[in-house]
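Visitor: heads up, no residue letters with this:
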Ligand SMILES: C[C@H](O)[C@H](O)[C@H]1CNC2=NC(N)=NC(=O)C2=N1
């Protein structure tokens, strides 16, 4: 999969709320009601990641979840990262 240019990445970020491009990856963070809510969302994301064969780098403490997406083989951000990002937004209820 082809690594996207910075211009392409910034254009695609316009369709995602609260995601940013930094260090060859796209990043976001969420805060939930509690740990149960956070881990429940993480479980749903995990199943979707498996289905897409594309997996998040993430960090969770209690009700907080930080997510970074990149494509290792490409050494940067590809279409696959944006596909998973939009799936994550749907799972958390920010997108239809
Ligand atoms: C073979 C398998 O599809 C690859 O190793 C996948 C697995 N999940 C992945 N996830 C992410 N985020 N980036 C990758 O490059 C990647 N590669």
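Guide: Yep, it's here. Keep in mind it's a predicted model, so treat the numbers as computed, not measured.
Visitor: mind naming the longest helix for the chain?
Guide: Counting by DSSP state H, the longest helix found in the chain is helix 35-52.
Visitor: show me what the helix or strand following that one is packed against.
Guide: Going down the chain from helix 35-52, the next helix or strand is strand 57-61, by DSSP states H and E. Packing contacts for strand 57-61, counted by 3 or more Cβ pairs under 8 Å, 6 or more residues apart in numbering; DSSP states H and E, involve helix 35-52, strand 64-69. (Each C-beta comes from the backbone N, C-alpha and C, glycine too.)
Visitor: thinking again about what came up before, what packs against the longest helix of the chain?
Guide: When contacts are defined as 3+ Cβ pairs under 8 Å, 6+ apart, helix 35-52 sits against strand 57-61, strand 64-69, helix 79-92.
Visitor: let's go with 10 Å and repeat that
Guide: strand 25-31, strand 57-61, strand 64-69, helix 79-92 (3 or more Cβ pairs under 10 Å, 6 or more residues apart in numbering; DSSP states H and E).
Visitor: which one of these lies nearest to the ligand?
Guide: Taking Cβ to the nearest ligand atom, strand 64-69 is the member of those nearest to the ligand, at 5.9 Å.
Visitor: the closest residue to the ligand within the chain: what's it in contact with?
Guide: As assessed by Cβ to the nearest ligand atom, the ligand sits closest to residue 72 within the chain, at 3.5 Å. Taking Cβ atoms under 10 Å, 6 or more residues apart in numbering, we find residue 72 in contact with 55, 57.
Visitor: what angle do the longest helix of the chain and helix 79-92 make?
Guide: On the basis of axes from the mean of the first three to the mean of the last three Cα atoms, to 10 degrees, helix 35-52 is oriented at 140 degrees to helix 79-92.
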